[in-house]
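# Kindly generate the corresponding structure for this input.
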Amino acid sequence: MKATQQLKNEHEGIKIMLGILSQVCRQLEAAGNLNKQHFEGILEFLSVFVDRCHHGKEEELLFPALIAAGVPREGPVAVLLHEHEMGRNYVKAMSQAHAAYLAEDGSSSKDIARNARGYIALMKDHIEKENKVLFVTADSRLSEKTQNRLFEGFEKIEAERIGVGRHEEFHDLLEKLSGIYLTGC
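So this is what the prediction gives:
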């Protein structure tokens, strides 16, 4: 498997979680309630799987390989890095609003929903840029040898950042929450 294909596959899981998060927002806005365990699982998925693991693979391995292959750092790579940082800020704000929600701060549900919706919009656009532009560029500029080296590096990052077996746990979480929030959507 090409390294870029692994990232595309991860995007599919991320898009499922964005759909779940959207439904959580709808329920929060409609009824004012939030399942603590589900939302904590979502936050963990976003901070560990999406940011530490997926974005780590891109920032530490893919982007430098693209720059070495002649893709300007101040072009698409800079934009995507900035979007990663924006995503981190949204997740941090959601986490802080969730802590306030647990402390029964009435206004926090609006903060959770606002930041979640911002994150969803950002990530949907970001994934499209990567799938339709960045990965196409990578596939045309990076040799098979480089792709293989990246793939090996991705596996190492995954083992180090989230641990052996955690990827499967995150997929189980996606399946469980999909059954709860996306059935019939």
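# What is the burial count for the residue nearest to N33 when sequence neighbours are not counted?
Leaving aside its chain neighbours, N33 sits nearest to Q27 (6.9 Å; criterion: CB to CB, 6 or more residues apart in numbering). (C-beta placed from N, C-alpha, C; glycine too.) Counted with other CB atoms under 10 Å, residues neighbouring Q27 total 15.
# Now for A78, how many residues are close by?
A count of nearby residues for A78, using other CB under 10 Å, gives 12.
# how close does it get to I14?
21 Å (CB to CB, to the nearest Å).
# Check Q147 too.
Plainly put, Q147 is 21 Å away from I14 if you go by CB to CB.
# ok, G32 - contacts?
G32 makes contact with S109 under the criterion CB atoms under 8 Å, 6 or more residues apart in numbering.
# which residue sits closest to the most centrally placed residue in the chain, ignoring its sequence neighbours?
For the chain, the residue nearest the mean C-alpha position is V50 (3.2 Å; CA atoms, centre = their mean). Once flanking residues are discounted, V50 sits nearest to I14: 5.7 Å by CB to CB, 6+ apart.
# Regarding the one you found, what is its secondary structure?
Per DSSP: H, G, I helix; E, B strand; the rest coil, the secondary structure class of I14 is helix.
# Next, count neighbours for it.
For I14, the number of neighbouring residues by other CB under 10 Å comes to 20.
# One more: F39?
The local packing of F39 (other CB under 10 Å) involves 20 other residues.
# Provide the backbone phi and psi angles at it.
Main-chain dihedrals, F39, degrees, to the nearest 10: phi -70, psi -40.
# before we move on, the earlier item: what about the residue nearest to V50, distance to A69?
Look at I14 and A69: by CB to CB, they are 25 Å apart.
# Check K129 too.
Counting by CB to CB, the gap from K129 to A69 is 18 Å.
# okay, stretch 112-125 in PDB with CA atoms only?
Extracted in PDB, the C-alpha atoms of stretch 112-125 (Å, rounded to 0.1, in the frame of the first residue of the first chain):
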ATOM      1  CA  ILE A 112     -19.000  23.100  22.400                       C
ATOM      2  CA  ALA A 113     -21.400  23.300  19.400                       C
ATOM      3  CA  ARG A 114     -19.800  26.400  17.900                       C
ATOM      4  CA  ASN A 115     -16.200  25.000  18.100                       C
ATOM      5  CA  ALA A 116     -17.300  21.500  16.900                       C
ATOM      6  CA  ARG A 117     -19.100  23.000  13.900                       C
ATOM      7  CA  GLY A 118     -16.000  25.100  13.100                       C
ATOM      8  CA  TYR A 119     -13.800  22.000  13.400                       C
ATOM      9  CA  ILE A 120     -16.100  20.000  11.100                       C
ATOM     10  CA  ALA A 121     -16.100  22.600   8.400                       C
ATOM     11  CA  LEU A 122     -12.300  23.100   8.600                       C
ATOM     12  CA  MET A 123     -11.600  19.400   8.500                       C
ATOM     13  CA  LYS A 124     -14.000  18.600   5.600                       C
ATOM     14  CA  ASP A 125     -12.300  21.200   3.500                       C
END
